[in-house]
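Undergrad: just the structure for this:
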Amino acid sequence: MLTYLQHTAVTSLSAVIQATGLRLRVSSGSVEVSRKSPVASWLCAMLYCFGSYILADIMLGHSPIDYFHNNSHILLASAVWYLIFFCPFNLFYKCIAFLPIKLVLVAMKEVVRTRKIVAGVHHAHHAYHHGWFIMVITGYVKGSGVALMSNFEQLLRGLWRPETNEILSMSFPTKASLYGAILFTLQEAHWLPVSKSTLICVFTLFMATSKVIMTARHSHGSPFALIESWLCHLLFGSPLGGEEAHDHHHAAPAATAAPASPAKTKEELSEGTRKRKTKKAE
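TA: Presented below is the predicted three-dimensional model:
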């Protein structure tokens, strides 16, 4: 009974967080879709809430709709979706979008993310005892399944933006889910001399602290940016600083070539001055 209550609490918290994330995508038209097509909006919300479970089930050979047999979880997520989009005067959304409450939800979201990564690695370990890559992929999908399914969720809302593929441009939670899946896989394979509880505690603290600071500062950067820049430079020959340095490198020749036009303008002005002086002399 206690385990069921804990799982229900985690599911309800995850539903609130994921539905809030969907509601925050005002620029992508999620609010308009909820008014024009509530069914499409509800399906998008279910993908946001259970996308990681759906992808993990597909990868491990289970039915992608297997998770939907939990009627209480679906009803709970549906209730949260309704309150997020259709509560009178947007009271529910305004409450959870209030910065102090939002920071608490963001921290708890990383707690849930860590729980999902550990569960994914553990589940894959039972199915494939020596399939370390399968453990990493399953834990990664469990932790960032919502972001990985974002393109399919966009299709439900009538959008197609392939350039927003999470694999091509990984956000901080997606990268952290990959690194966390690697760490927990090493621990599961007994290659990392750290207890699981200690690793869970350290990783959760890191994720929650990083995400809270980034949210409070409205930052979209990544704590891994400097390390990744140096590693990519050493291993793959990428320029230091990533795309910004690459763009600055290409912008430099253009900046040096810019003074050529003012020089030409001065020549034209001096020539015009000489012509006027000649005309006056005549």
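Undergrad: pretty sure A147 contacts S171?
TA: Yes: between A147 and S171 there is a contact under Cβ atoms under 8 Å: 6.5 Å. Placement of C-beta: from N, CA and C, glycine included.
Undergrad: those two: which is more packed in?
TA: Neighbour count, other Cβ atoms under 10 Å: between A147 and S171, A147 has more, with 21 against 13.
Undergrad: so what's the more buried one closest to, chain neighbours aside?
TA: E166 (4.5 Å; Cβ to Cβ, 6 or more residues apart in numbering).
Undergrad: and the one you found, how many neighbours?
TA: There are 16 residues near E166, going by other Cβ under 10 Å.
Undergrad: ok, L60 next?
TA: L60: 16 neighbours (other Cβ under 10 Å).
Undergrad: so what's it closest to, chain neighbours aside?
TA: Per Cβ to Cβ, 6+ apart, closest to L60 is A127, 6.0 Å.
Undergrad: against T138, how distant is that neighbour?
TA: Note on A127: its distance to T138, by Cβ to Cβ, to the nearest Å, is 9 Å.
Undergrad: now do the shared contacts for those two.
TA: Counting by Cβ atoms under 8 Å, 6 or more residues apart in numbering, the common neighbours of A127 and T138 are L60.
Undergrad: out of those two, which sits in the busier spot?
TA: Neighbours were counted for A127 and for T138 using other Cβ under 10 Å; T138 has more, 27 against 13.
Undergrad: ok, and for the strand or helix carrying that one, which residues are buried?
TA: Using DSSP states H and E, T138 sits in helix 132-148. Neighbour counts over helix 132-148 (16 or more other Cβ atoms under 10 Å) mark 132, 134-148 as buried.
Undergrad: same question, stretch 106-123
TA: Those would be 106-123, for stretch 106-123 by 16+ other Cβ under 10 Å.
Undergrad: how about the spatially most central residue of the chain, what does it touch?
TA: The chain has S171 as the residue nearest its centroid, 4.4 Å off, counting by Cα atoms, centre = their mean. S171 sits next to 147, 220, 222 when contact means Cβ under 8 Å, 6+ apart.
Undergrad: for M207, which non-adjacent residue is spatially closest?
TA: Leaving aside its sequence neighbours, M207 sits nearest to E110 (Cβ to Cβ, 6+ apart; 3.8 Å).
Undergrad: isn't the one you found right next to K211, touching?
TA: Yes: counting by Cβ under 8 Å, E110 touches K211, with 5.3 Å between them.
Undergrad: circling back to that earlier point, just curious, which of the contacts of S171 is nearest to F86?
TA: Of all the contacts of S171, A147 has the smallest distance to F86: 25.6 Å, by Cβ to Cβ.
Undergrad: separation between the closest one and K36?
TA: According to Cβ to Cβ, A147 stands 25 Å off from K36.
Undergrad: in this protein, which spans are helices?
TA: 2-23, 30-36, 38-59, 71-86, 91-97, 99-127, 132-148, 150-156, 172-188, 196-216, 225-236, 243-257, 260-281 (DSSP state H).
Undergrad: okay, those helices in JSON lines with mean pLDDT and distance to I65 next?
TA: Formatted as JSON lines, the helices of the chain follow (pLDDT from 0 to 100; distance: least, Cβ to Cβ, whole Å):
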{"stretch": "helix 2-23", "mean pLDDT": "58", "distance to I65": "17"}
{"stretch": "helix 30-36", "mean pLDDT": "83", "distance to I65": "22"}
{"stretch": "helix 38-59", "mean pLDDT": "87", "distance to I65": "8"}
{"stretch": "helix 71-86", "mean pLDDT": "86", "distance to I65": "11"}
{"stretch": "helix 91-97", "mean pLDDT": "86", "distance to I65": "28"}
{"stretch": "helix 99-127", "mean pLDDT": "91", "distance to I65": "18"}
{"stretch": "helix 132-148", "mean pLDDT": "91", "distance to I65": "15"}
{"stretch": "helix 150-156", "mean pLDDT": "82", "distance to I65": "15"}
{"stretch": "helix 172-188", "mean pLDDT": "94", "distance to I65": "24"}
{"stretch": "helix 196-216", "mean pLDDT": "94", "distance to I65": "30"}
{"stretch": "helix 225-236", "mean pLDDT": "85", "distance to I65": "37"}
{"stretch": "helix 243-257", "mean pLDDT": "43", "distance to I65": "39"}
{"stretch": "helix 260-281", "mean pLDDT": "49", "distance to I65": "63"}
